[in-house]
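>>> Following is a predicted model, sequence given first.
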Amino acid sequence: MHTSVAQPPAEQTTDVLLIGGGIMSATLASLIAELEPTWSIRVLERLDRPARESSNPWNNAGTGHAALCELNYTPQAEDGTVDISKAVTVNEQFAVSRQLWSFLVEAGRIPDPEAFIHATPHMSFVWGEENVAYLRERHALLSAHPLFEGMEYSEDPAQIAQWAPLLGAGRTGDEPIAATYSPEGTDVDFGALTELLLQSVAERGASIDYDAHVKLVHRTMDGTWHVMGKQGGEKFHHRARFVFVGAGGQALTLLQKSRIPEIKGFGGFPVSGEFLRTSNPDVVARHHAKVYGKAAVGAPPMSVPHLDTRVVDGKASLMFGPYAGFSPRFLKHGSLLDLFRSLRGHNIVPMIRAGLANIPLTVYLVTQLLASAKKKFTELKAFFPDADPADWEKITAGQRVQVIRPDGVLQFGTEVITHRDGTIAGLLGASPGASTAAPIMLEVLERCFPERWEAWQPQLREIVPSHGSALSDDPDFAREVRDRTAKVLGLDADAAVRGAA
C-alpha cells in the first residue's frame with residue numbers, strides 16, 4: 001500500500017522518488033502532484049540541469065508524434081495492404097498528452113504554452129511509383145478516419161512546393177512524387193516542457209536534486225527502497241515507498257541492480273544519431289513543416305529521414321536526419337562500458353537471438369557508419385535538391401537504447417517494467433517516447449497504485465477528458481478535444497498554413 005506523509009526531512013521516507021530528470025519523470029511527478037498533493041516527491045537527476053539527454057530539444061525530433069506524417073506507423077504488407085492501426089493508437093496517445101498539457105496551462109501550472117509548443121504542419125513525402133502508390137493508399141485510409149480528417153494529398157509538384165518550397169527547389173520533375181499535408185501538426189520543445197513541469201512541482205514542495213548520480217537501488221526488509229549514490233562528491237542515501245526509474249538508457253542497469261524478477265531476460269541495444277542543422281535565415285524562412293520520408297531497408301523506426309522545422313529558445317532552425325551511428329554508451333553523457341555492464345547471464349541468449357534475427361539492421365548500421373559526409377548529404381538533397389553544404393552543420397543527437405525482450409525480439413517502442421507489488425517501475429525503449437509520456441505514465445499509475453486507481457478516476461477525467469474512452473469511437477468528441485486543446489495551447493492551424501506558405 002502507498003500511504004501519504006508530509007514532506008519529509010532527508011533522513012525520512014519519501015513517498016515517490018523518481019530517478020531521472022527527463023520528460024517521463026516530470027510528467028509522472030506532475031500527475032502525482034495533482035492526484036495526491038500531500039505526497040512527498042523527490043527527483044534525482046545525474047546532470048546539472050533537467051532534460052539534457054533524450055528530452056533535450058536537439059537530441060530528438062520534437063515532432064509531437066501524432067502519426068500524421070510518420071510512415072513507419074502505417075506499414076505496408078507484402079500484398080500491398082496498409083495497416084493504420086498503429087497510427088490510430090499513436091494519435092490517441094498524443095491526444096492524451098495534449099489534454100494533460102492543456103489542463104496544466106488552464107490550472108496555471110504552465111504559464112506560457114508558446115515556450116514549448118508551436119503549430120507546425122506535418123507532411124509525408126515520397127518519390128518513385130511504388131512509394132507514390134503506397135502514400136496514395138495510406139492517405140485514402142487515414143483521411144477516412146475521424147482522427148485524421150482534413151489530411152490533404154497531392155502528386156502535383158506545384159502544390160507540394162507551395163506546402164514546402166524546399167521540396168520543389170531544384171527538382172527536375174522527371175520522377176513522380178507525392179505528399180500529404182496536415183496543418184494540425186506540432187513542434188514540441190520537450191526540454192522546455194520538462195523544465196516547466198519540474199519547476200511547477202518544485203513550487204508545490206517537491207525536491208529536485210541535480211548532480212545526483214544514482215549507483216544502487218536496493219529493497220530492504222521493511223519493504224522500502226533505498227536509493228544510494230553520490231551528489232557533488234558526497235554520498236547520499238534516500239528511502240522511498242515508490243521508485244520510478246525514468247533514467248533513459250540507464251534505466252536498464254538500475255532495474256537490474258534492483259533485482260526485481262520482472263527485468264530478467266531484458267537487454268538493450270544502443271543506437272546513436274546525428275543530424276544536419278541549419279540556422280541560415282534565408283533557408284529557414286522557406287520551410288515551415290516537418291516532412292517525413294520512408295526509412296531505408298533494415299533501418300529502425302527512429303531512423304526515418306525527416307526535414308524538420310525546430311523552434312528552440314524562440315529561434316527557428318531546420319534539422320535533417322537522423323543518421324544512425326553506434327556507441328556502446330547508453331546515455332549521451334554515459335560510459336563506454338554501459339553496454340558491457342548491462343550483460344547478465346539471463347539476457348545474453350535473448351541478445352544473441354535478436355542480433356541473428358536483425359541482420360538487415362546490422363547491415364544498415366554498418367553502412368551508415370561507413371558512409372562519407374558527401375553520401376550523407378546526398379540523402380538531404382533527395383528532400384531538398386538545392387541544399388548547399390555550406391549552410392549545414394553536423395550535430396550529435398541523443399542515445400537511444402532499443403529494448404531486447406526475453407524472447408529475443410528487438411522492440412521498437414517503449415516497455416513499462418513494474419514489480420509485482422507495484423513499489424518500483426521503470427521505462428525502457430525509445431520512439432514515440434516523449435510524445436506519449438502522459439498515457440505511459442497513466443499506465444504506470446494504474447499498474448503501481450491499483451488501490452488508489454478507482455478513487456482517482458473523477459480527477460483523471462478532469463485532467464484528461466477522454467480518459468477511459470477512445471476518441472476514434474466518437475468523432476464529435478474527438479473534434480471537441482482537438483479544437484479545445486488547440487485553443488488552450490495556442491495552436492492556430494491557420495497560422496501554421498500561413499507560415500508554410
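Yes, it's here.
>>> List the residues that contact the nearest residue to P75 once chain neighbours are set aside.
Closest residue to P75 apart from its sequence neighbours, by CB to CB, 6 or more residues apart in numbering: D83 at 5.6 Å. (Each C-beta comes from the backbone N, C-alpha and C, glycine too.) Residues near D83 by CB atoms under 8 Å, 6 or more residues apart in numbering: 74-77.
>>> change it to 10 Å
By CB atoms under 10 Å, 6 or more residues apart in numbering, the residues touching D83 are 73-77, 138, 141.
>>> closest to E53 among these?
Y73 (24.1 Å; CB to CB).
>>> residue boundaries of the helices in the stretch 1-150 of the chain?
Counting by DSSP state H, counting those that start in this stretch, the stretch 1-150 of the chain has helices at residues 23-35, 85-106, 129-143.
>>> What of the stretch 201-350 of the chain?
Using DSSP H, counting those that start in this stretch, helices in the stretch 201-350 of the chain cover 251-258, 281-284, 338-341, 348-357.
>>> packing partners for the third one?
Based on contacts counted as 3 or more CB pairs under 10 Å, 6 or more residues apart in numbering; DSSP states H and E, the elements that helix 338-341 packs against are helix 251-258, strand 267-278.
>>> I'd like those written out as JSON lines, with distance to S466, mean neighbour count and mean pLDDT added.
As requested, those are exported to JSON lines (distance: least, CB to CB, whole Å; neighbours: other CB atoms under 10 Å; pLDDT from 0 to 100):
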{"stretch": "helix 251-258", "distance to S466": "28", "mean neighbour count": "22", "mean pLDDT": "96"}
{"stretch": "strand 267-278", "distance to S466": "33", "mean neighbour count": "21", "mean pLDDT": "91"}
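>>> Out of the ones you listed, flag the one nearest K487.
Counting by CB to CB, K487 lies closest to strand 267-278 out of those; the figure is 31.8 Å.
>>> From what I see, A247 and V43 are in contact.
No. Counting by CB atoms under 10 Å, A247 sits too far from V43 to count as a contact (11.0 Å).
>>> any common contacting residues for the two?
18-22, 25.
>>> Just the mean pLDDT for stretch 323-341, thanks.
Averaging pLDDT along stretch 323-341 gives 90.
>>> now stretch 145-165
Per-residue pLDDT over stretch 145-165 has a mean of 96.
>>> Now do the buried residues in it.
Within stretch 145-165, the residues that count as buried by 16 or more other CB atoms under 10 Å are 145-148, 151, 153-154, 157, 160-161, 163-165.
>>> where's A357 relative to Y364, distance?
Note on A357: its distance to Y364, by CB to CB, to the nearest Å, is 14 Å.
>>> make that R400, sorry
Taking CB to CB as the measure, R400 falls 15 Å from Y364.
>>> which one of those two has more residues nearby?
Ranked by neighbour count (other CB atoms under 10 Å), R400 and Y364 place R400 first, with 28 against 19.
>>> number of nearby residues for the nearest residue to that one once chain neighbours are set aside?
Distance criterion CB to CB, 6+ apart; nearest residue to R400, sequence neighbours excluded, is A430 at 4.0 Å. Residues near A430, counting by other CB under 10 Å, number 24.
>>> Run a quick check on A430 versus Q411, I expect a contact.
Yes. Contact criterion CB under 10 Å: A430 and Q411 qualify, at 9.5 Å.
>>> so what sits against both of those two?
Counting by CB under 10 Å, 6+ apart, the residues touching both A430 and Q411 are 402-403.
>>> H467: what secondary structure?
Secondary structure assignment for H467 (DSSP: H, G, I helix; E, B strand; the rest coil): coil.
>>> Wait, it touches E443, no?
No. Contact criterion CB under 10 Å: H467 and E443 do not qualify, at 11.9 Å.
>>> more crowded one of the two?
Between H467 and E443, counted using other CB under 10 Å, H467 has the larger neighbour count: 19 against 16.
>>> Per-residue confidence at S431, what does it come out as?
What the model reports as pLDDT for S431 is 66.
>>> next one: the one 3 residues further on
A434 is assigned a predicted lDDT (pLDDT) of 91.
>>> quick one: it from V82, how far?
26 Å.
>>> Looking at these two, which is more packed in?
A434 (27 against 19).
>>> Pretty sure that one sits against E53.
No. Counting by CB under 10 Å, E53 is not a contact partner of A434; they are 11.1 Å apart.
>>> shared neighbours of these two, which are they?
With CB under 10 Å, 6+ apart, A434 and E53 have common neighbours 22, 60, 191.
>>> separation between the second one and G273?
What that stands for is N60. Per CB to CB, N60 is found 9 Å from G273.
>>> any shared contact partners between these two?
Shared contacts of N60 and G273, defined by CB under 10 Å, 6+ apart, comprise 302, 322, 397-398, 400.
>>> Strands - which of the residues you listed land there?
Among the shared contacts of N60 and G273, the ones falling in strands (DSSP state E) are 322, 400.
>>> what residue ranges in the stretch 1-150 of the chain score low on pLDDT?
When residues are selected by pLDDT under 70, those of the stretch 1-150 of the chain lie in 1-11.
>>> Quick check: beta-bridge partners of V416?
Counting by DSSP bridges, V416 is bridged to L427.
>>> okay, how far is it across stretch 197-212, tip to tip?
By CA to CA, to the nearest Å, the extent of stretch 197-212 from end to end equals 19 Å.
>>> Redo the helices and strands packed on helix 338-341 as TSV? Include distance to G205.
Shown next, in TSV, are the helices and strands packed on helix 338-341 (distance: least, CB to CB, whole Å):
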stretch	distance to G205
helix 251-258	25
strand 267-278	34
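>>> what's the closest of these to P111?
Among those, strand 267-278 sits nearest to P111 (CB to CB), with 28.6 Å.
>>> Low-confidence regions, the stretch 351-500 of the chain specifically.
Those would be 431-432, 493-500, if you go by pLDDT under 70 across the stretch 351-500 of the chain.
>>> Looking at the shared contacts of A247 and V43, spot the one nearest A119.
G22 (24.5 Å).
>>> For that closest one, give its distance to A206.
According to CB to CB, G22 and A206 sit 15 Å apart.
>>> Test my guess that K235 contacts G229.
Yes. K235 is within contact range of G229, at 7.4 Å (criterion: CB under 10 Å).
>>> Who has more neighbours out of the two?
For K235 and G229, the more surrounded residue by other CB under 10 Å is G229, and the numbers stand at 19 against 9.
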